[in-house]
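Participant: Below: sequence and its predicted model.
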Protein chains: 4
Amino acid sequence: MIQLEQLVQKNLAKEKEGKVASYIPALAEVNPKQLGVALYDLDDGEIGEAGQSEVRFAIESISKVITLMLAIKKMGIQEVFKHVGSRQTGFAFNSILNMEIEKAKYPLNPFINAGAIATTSMVVSKTGEGAFEEILSFARDICNDPNLYLDQIIYHSERRTGNLDRSLAYYMESKNMMLGDVVTSLDTYFKQCSMMVTAHSLANLGAVLANGGVKPWDNKRIISDEEARCVKSLMMTTGLYNQSGTYSRLIGVPTKSGVGGGLMSAAPHKYGIGIFSPALDKAGNSVAGLDLLRDIVEGLELDIFD
Amino acid sequence: MIQLEQLVQKNLAKEKEGKVASYIPALAEVNPKQLGVALYDLDDGEIGEAGQSEVRFAIESISKVITLMLAIKKMGIQEVFKHVGSRQTGFAFNSILNMEIEKAKYPLNPFINAGAIATTSMVVSKTGEGAFEEILSFARDICNDPNLYLDQIIYHSERRTGNLDRSLAYYMESKNMMLGDVVTSLDTYFKQCSMMVTAHSLANLGAVLANGGVKPWDNKRIISDEEARCVKSLMMTTGLYNQSGTYSRLIGVPTKSGVGGGLMSAAPHKYGIGIFSPALDKAGNSVAGLDLLRDIVEGLELDIFD
Amino acid sequence: MIQLEQLVQKNLAKEKEGKVASYIPALAEVNPKQLGVALYDLDDGEIGEAGQSEVRFAIESISKVITLMLAIKKMGIQEVFKHVGSRQTGFAFNSILNMEIEKAKYPLNPFINAGAIATTSMVVSKTGEGAFEEILSFARDICNDPNLYLDQIIYHSERRTGNLDRSLAYYMESKNMMLGDVVTSLDTYFKQCSMMVTAHSLANLGAVLANGGVKPWDNKRIISDEEARCVKSLMMTTGLYNQSGTYSRLIGVPTKSGVGGGLMSAAPHKYGIGIFSPALDKAGNSVAGLDLLRDIVEGLELDIFD
Amino acid sequence: MIQLEQLVQKNLAKEKEGKVASYIPALAEVNPKQLGVALYDLDDGEIGEAGQSEVRFAIESISKVITLMLAIKKMGIQEVFKHVGSRQTGFAFNSILNMEIEKAKYPLNPFINAGAIATTSMVVSKTGEGAFEEILSFARDICNDPNLYLDQIIYHSERRTGNLDRSLAYYMESKNMMLGDVVTSLDTYFKQCSMMVTAHSLANLGAVLANGGVKPWDNKRIISDEEARCVKSLMMTTGLYNQSGTYSRLIGVPTKSGVGGGLMSAAPHKYGIGIFSPALDKAGNSVAGLDLLRDIVEGLELDIFD
């Protein structure tokens, strides 16, 4: 078995090369000197943990995977991808350029902000005002984490500073790309980003995807094998903001990051991985977290291109 | 064993949904009703073939994989990726937008035209005027195809119509992104695109990558395992023009296409695959070829996200 | 004196080459077969009129001149141009591209939608909720048109369909470009676009600008001579959407258009001109109106480059 | 009469706020502490001069006015504007963005580099290899300056560093926007930029345009009145790089600048103005020159919006 404790010790200092997200106070105040990891082994169902693996932090963009899974569950994958692309972009996650330059009919993919808001709006179109309650309940289920909760302070900060997201949403609304009500979709989106998770809960989420869409702890299917494959493919090609291509080369395991410092990976048929370390590189990815992930991938030979 | 003959018969008619490349006469005149496939099985070294697997066609963009491998061999992977990125783009393969908008220091990745020309220019910086001869010789070696040759008609057509490539090259030259001489690099690039291959030779090339950089037929190493992994990762994230993300979702095997109608895939440790069918979709990928590839990937369970 | 009646007859049929604005029903239902003109002669204070010069129509983008004048009056021209540029754009009036690509600190100019909303927001920052009442009262004064009113149907349509304007406003808010409250600024903007004017009232407005900022009918100064010059310069360089350069070449008189079919021109020290004809070219300018304007400019030798 | 000597003294020190062009040694070595002006009075044919009005410097972008006039003379204005636009751009003079984003059929206007090269290519299409000789001869004629010459050092520097211009030219060639041979057009363009003029010769050129296309010193017509008007309108809307709109507001006289430090203005029916001061602002316009020009425009009341 891999020595998680040692890997945490080895990589903890890397946080100095990054900075915690500063656009809202609740994130800016997080202690950067934290690194936690949890590893769900599909082989025996055991979970290894080290460091701050039980510390709660804001899920932020990793929630995009959850709403994508929920939208797929509700509408079917064919229908979902009629309203959002699975193409990459060379621009930032919150850019409007690519849509306007290409006169796009839908946002490029579900993991840039525009596409994530559109995906949330699919859920809203099916559930209305109750959308967030359903997302929260779904998140608790697939993360096997009944304590996962909405942080009101982060949510209100997100809502207060979310003008670029509003800009994207109204742009999409003007082009008929939003299935659900704009205001409800935005509010739901701000809430989903403010859910508090742990590295442990993310390892569980990764395990569901690695296990082909079936929760390994109770053997219940969430989405089909093909659908889980799609989600993993999207994580690989667009999961790490505009460094997705680079990290696909450096760390060949489908991974999604969030500016709260989380990383969630799914190594097919092998492991679900959750990592937390809040200091970020310029692209918004956890610095120490990515280095730790790389060590794990190498140690366990998880690179899918290998 | 998979029934290649049946899969060719099943997918041949799909070509009607596409069109052969028309920007030069030599490509426009190719008979669209062709579909050929070759499958190199790393397990036993056997090659299965069906359809027009021995028909020669222009390699076009698949040559970008070859020059990338040669540049890596000559300069080392660290040095190569100091001069070209491994990021995706949402724009067309021949667009200048992303570089100018982002004031990029180097082209985004080696498989868009700008990045491919820059990569060829790395080879030129090491070999000068003799660059193409070396590329040709290298291509024959790693494709195990001593008959692979330069088609003079296609080359002269490429050179005559290559003004957008010239625009990209001079843009990069103005920003000091070209390591080698511009004129030689462009000429070498037009030549490398005009090399004539078969589905069979591409299956061999795919087998080298699938085999971790070692030619399986003579056990000689071309590039390191890590380097081969990087090439496969790039094929996955940017190998199919701006449909790379979509096909990564639909066909989870690292693949590079060319507008000559070729597809070259590498299923790690399992197969090298070469396909030829010249009718293209709007993004420039072989229509019948992609459908055939999907059937093979499903039939042999090759999806790396699975 | 120029024969306005004849010029109206000559140019009326040109409307067939255009189309009335169709993005809201209230504009789509306007009869395209209308052409009206009013000419305020600064020499003798006489107003010549012909055709539908007293028909009311939506002022739309011509209101941008009015709020710019009001913002100048309230804040001074130096302060205004600290928050909005006077640069041109090659993009559409409702595009977000230029701001995002250039990481602009403020919108490019007061006559594209972004800049107009920012200008309205300057007025809002000084007057709060009462902003529109003040704009309406100011418009009545400088157009010498006490009957100028807010059309509720158009206003509600504008508000309902104004998502692209919302997108621009929230984008600016996210970059701290809005001086006043976003929601109030947008609402005020939708209202100012829905004010109902006539060719006659626009001729009066043009006369104020042509007369160096002084209302010629009561000799009261609105803005300084230098400020009036700036407004005219902006009308010349950016007044006719992205055809401003072309019409500056073809019709050398500062002019602002609106998608309601209005044109308002100021020929320095000579004439204020108001024109109405609702069928528009692709750029959003009145087709018959521009041809009529060109005839007037030639007939009266008003080209300022001459 | 205005006191030119005093205005030169007043504005000379402004050069400290700028920097001489540095992209080629021949420009970088120019002494920045220079300011010269010449004023051609159409009323009496007298020329006032002060400062370094007889110092030679590189014409650079002001040559774009000369080739535009020559193209108009050879092909007629209708034909010229079938191949180049008269629209503004919000981007830099050497940007490719606008053309590619808008899939433009021709470059936006004759005063950005792309449009200027296309205009030179019109001349080349009529005169072939002899194009530059004809431009030189035409320049000497309309500047009334038989000593105007091609500086070989500057020309070779321009050619050596002109890769961005090559990129633009090949982009246009790929879209069929170039009427003449690309290589000849580029070479001619580099030469025309390297012609050596004085403030005096530019005042003469301005006088021809101010005088409606007729050389005032010998009463010979070069282009029609309407054509001269068009040239002046383009100078107003796009003559000062991407600060054209701003300076149209601040200095309301049609003006074209060059990175050699020259300014050439045409005040209709009144004056031709030539100014030289090589220290430039960030947009590439002469700092002391623009301030001096502004003083002249105010002193002589030349603002055409007034």
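Facilitator: Structure's in. What do you need? Everything quoted here is computed from the prediction, not taken from an experiment.
Participant: Show the contacting residues for A:Gln88.
Facilitator: Contacts for A:Gln88 (Cβ atoms under 8 Å, 6 or more residues apart in numbering or on different chains) come out as A:108-109, A:237-238, A:244-245, B:88-90, B:237-238, B:242, B:244-245. (Glycine included, C-beta is placed from N, CA and C.)
Participant: which one of those is nearest A:Ile59?
Facilitator: A:Thr238 (17.4 Å; Cβ to Cβ).
Participant: shouldn't that closest one be in contact with A:Asn113?
Facilitator: No - counting by Cβ atoms under 8 Å, A:Thr238 sits too far from A:Asn113 to count as a contact (11.9 Å).
Participant: Looking at those two, which one has more neighbours?
Facilitator: Here A:Thr238 and A:Asn113 are set side by side on neighbour count (other Cβ atoms under 10 Å in any protein chain shown), and the busier one is A:Thr238, at 30 against 23.
Participant: pLDDT weak spots in the stretch 151-300 of chain A?
Facilitator: Within the stretch 151-300 of chain A, not a single segment meets pLDDT under 70.
Participant: Tell me how far the spatially most central residue of chain A lies from A:Ala139.
Facilitator: Compute the mean C-alpha point of chain A, and by Cα atoms, centre = their mean the closest residue is A:Ile62, 1.5 Å away. Noted for A:Ile62: a distance of 10 Å to A:Ala139, by Cβ to Cβ, to the nearest Å.
Participant: which residues do these two both contact?
Facilitator: Residues touching both A:Ile62 and A:Ala139 by Cβ under 8 Å, 6+ apart: A:Val197.
Participant: so what's the residue nearest to the centre of chain A up against?
Facilitator: For A:Ile62, the set of contacting residues under the criterion of Cβ under 8 Å, 6+ apart consists of A:197, A:202, A:205, A:256-258, A:260, A:262-264.
Participant: State the distance from the closest residue to it other than its chain neighbours to chain D.
Facilitator: Distances taken as Cβ to Cβ, 6 or more residues apart in numbering or on different chains put A:Gly258 closest to A:Ile62, at 4.2 Å, once the chain neighbours are dropped. The spacing between A:Gly258 and chain D, counted by Cβ to the nearest Cβ, to the nearest Å, is 32 Å.
Participant: mind checking pLDDT for whichever residue of chain A sits closest to chain D?
Facilitator: When Cβ to the nearest Cβ is the measure, chain A has its nearest residue to chain D at A:Ile101, with 5.5 Å between them. A:Ile101 is assigned a predicted lDDT (pLDDT) of 82.
Participant: Count the residues that sit near it.
Facilitator: Quick note: A:Ile101 (other Cβ under 10 Å) scores 23 neighbours.
Participant: Could you pull out the helices in the stretch 201-306 of chain A for me?
Facilitator: Listed from the start of the chain, the stretch 201-306 of chain A has helices (DSSP state H, counting those that start in this stretch) covering A:225-238, A:244-250, A:287-299.
Participant: which stretches of chain A form strands?
Facilitator: Assigned by DSSP state E, the strands in chain A fall at A:36-41, A:47-51, A:57-58, A:149-150, A:195-197, A:255-257, A:262-267, A:271-276.
Participant: and of those, who's closest to D:Tyr171?
Facilitator: Comparing the strands of chain A against D:Tyr171 with Cβ to Cβ, the closest turns out to be strand A:255-257 (36.8 Å).
Participant: Contacts for the closest one, please.
Facilitator: By Cβ under 8 Å, 6+ apart, strand A:255-257 touches A:61-62, A:64-65, A:111, A:235-236, A:239-241, A:247, A:263-266, A:273, A:284-286, A:289, A:293.
Participant: and chain A, which of its residues are near chain D?
Facilitator: Counting by Cβ under 8 Å from any Cβ of the partner chain, the positions of chain A adjacent to chain D are A:Ile101.
Participant: and chain A, which of its residues are near chain C?
Facilitator: The interface of chain A toward chain C, taken as Cβ under 8 Å from any Cβ, is made up of A:95-97, A:100-101, A:163-164, A:166-171, A:173-174, A:182.
Participant: and the two most separated of these?
Facilitator: A:Ile101 and A:Val182 (22.7 Å).
Participant: Need the pLDDT of A:Phe305.
Facilitator: 94.
Participant: Surely it touches B:Met236?
Facilitator: Yes - between A:Phe305 and B:Met236 a contact is recorded at 7.1 Å, counting by Cβ under 8 Å.
Participant: any common contacting residues for those two?
Facilitator: Counting by Cβ under 8 Å, 6+ apart, the shared contacts of A:Phe305 and B:Met236 are B:254, B:304.
Participant: In terms of neighbours, single out the busier of these two.
Facilitator: B:Met236 (32 against 25).
Participant: burial measure for A:Gln243, as a count.
Facilitator: Other residues lying near A:Gln243 total 21 when counted by other Cβ under 10 Å.
Participant: before we move on, what about A:Ala13?
Facilitator: Summarising burial for A:Ala13: neighbours were counted as other Cβ under 10 Å, giving 12.
Participant: Who are the contact partners of the closest residue to A:Gly90 other than its chain neighbours?
Facilitator: Excluding the flanking residues, the one nearest A:Gly90 by Cβ to Cβ, 6+ apart is B:Thr89, at 3.9 Å. Remark: with contacts taken as Cβ under 8 Å, 6+ apart, B:Thr89 is in contact with A:88-90, B:95, B:98, B:108-109, B:112, B:238, B:242.
Participant: hmm, back to that, and of the residues of chain A next to chain C, the nearest to A:Pro32?
Facilitator: A:Leu164 (24.4 Å).
Participant: From B:Val80, how far out is that closest one?
Facilitator: For A:Leu164, the distance to B:Val80 - Cβ to Cβ - is 35 Å.
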